[in-house]
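J.: Below: sequence and its predicted model.
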Amino acid sequence: MTLVIPDLPKFQAHRDDVAICGIAKSGASRFSALVGMIMHDADPVYLYQEPDMQEKVPWLEFCTGAGEKGPRGIDQISLIPSPRAYWTRLAFDGLPPSVHTQHAKVVYHLRHPKDTLVTLYHNYMARKATVRFSGNISTMVDYLVTDEISCGPWFDHMASYWAHRDDPDVHICSFEDFSQVKCNTRIYIK
């Protein structure tokens with residue numbers, strides 16, 4: 001991720017972009033699929049046709065490891081024709097400036113902190129060799145409310161978007177609300 005950060009100010013958002021924003025383990029995959037389908041007339045075929053979801057809705061700050069060859073999200077996005085969607089874990093003020101100046105749509109997905117915590121804990125436990133985590137659930141609480149996770153702390157991250165909840169280009173959606181909606185999902189994103 002740090003290999004992308006210096007290039008974020010150069011990123012050119014488009015007016016019809018949709019930036020899907022949220023903290024780790026709060027539903028980025030689900031919201032990427034939903035937003036992508038909505039952008040393609042709610043056609044579920046969108047989910048199954050090539051390329052895979054990570055290429056259709058890339059992670060803005062994704063980067064292969066230092067010294068390795070591979071794609072960067074910021075470069076992948078520049079190759080996608082408009083309208084395009086991408087997701088990020090950056091706080092509101094950390095978004096590339098063009099997201100704001102171009103008035104791209106920002107969809108912030110939040111999830112109940114307890115659910116985020118449990119999902120994040122299990123994710124860290126499954127990858128403890130690579131993330132160097134050996135704590136318990138109490139340790140994960142500390143990680144979530146301090147700056148120990150890459151996009152934390154949770155409350156500050158959420159508050160950065162909540163402060164803009166009345167902006168015309170910002171839409172805040174709850175993972176739990178979307179889980180209960182059986183139809184008319186499109187009205188939440190418009």
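T.: Ah, there it is. Residues are numbered from 1 along each chain as shown.

J.: where do the strands sit along the chain?
T.: Using DSSP state E, the strands found in the chain span residues 18-21, 85-88, 105-110, 170-174.

J.: Check which residues of stretch 24-34 are buried.
T.: A24, K25, S26, G27, A28, F31, S32, A33, L34 (16 or more other Cβ atoms under 10 Å). For the C-beta atoms, the positions are set from N, CA and C on the backbone; glycine is no exception.

J.: Enumerate residues external to that stretch that contact any of its residues.
T.: 20, 22, 47, 53, 56-57, 59, 85, 87, 89, 107, 109-111, 116, 119-120, 123, 149-151, 173, 175, 178, 185, 189 (Cβ atoms under 8 Å, 6 or more residues apart in numbering).

J.: circling back: out of the strands of the chain, deepest packed?
T.: Highest mean neighbour count of those: strand 18-21, a mean of 27 (counted as mean count of other Cβ atoms under 10 Å).

J.: And it, what does it pack against?
T.: With contacts taken as 3 or more Cβ pairs under 8 Å, 6 or more residues apart in numbering; DSSP states H and E, strand 18-21 sits against helix 28-39, strand 85-88, strand 105-110.

J.: Strand partners (parallel or antiparallel) of that strand?
T.: Sheet partners assigned to strand 18-21 using DSSP bridges are listed as strand 85-88 (parallel), strand 105-110 (parallel).

J.: right, and the helices and strands packed on strand 18-21 - which one's nearest F133?
T.: helix 28-39 (20.0 Å; Cβ to Cβ).

J.: export the closest one as CSV, just CAs?
T.: Provided in CSV are the C-alpha atoms of helix 28-39 (Å, rounded to 0.1, in the frame of the first residue of the first chain):
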residue,chain,number,x,y,z
ALA,A,28,-16.2,-4.2,0.7
SER,A,29,-16.7,-7.3,-1.4
ARG,A,30,-20.5,-7.3,-0.9
PHE,A,31,-20.8,-3.6,-1.6
SER,A,32,-18.5,-3.9,-4.6
ALA,A,33,-20.8,-6.6,-6.1
LEU,A,34,-23.9,-4.5,-5.3
VAL,A,35,-22.6,-1.3,-6.7
GLY,A,36,-21.2,-3.1,-9.8
MET,A,37,-24.6,-4.7,-10.4
ILE,A,38,-26.4,-1.4,-10.0
MET,A,39,-24.1,0.2,-12.4
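
J.: Let me see the mean pLDDT of that helix.
T.: Average pLDDT, helix 28-39: 84.

J.: go on, stretch 160-172?
T.: The average pLDDT for stretch 160-172 rounds to 95.

J.: what do you get for stretch 80-90?
T.: For stretch 80-90, mean pLDDT rounds to 92.
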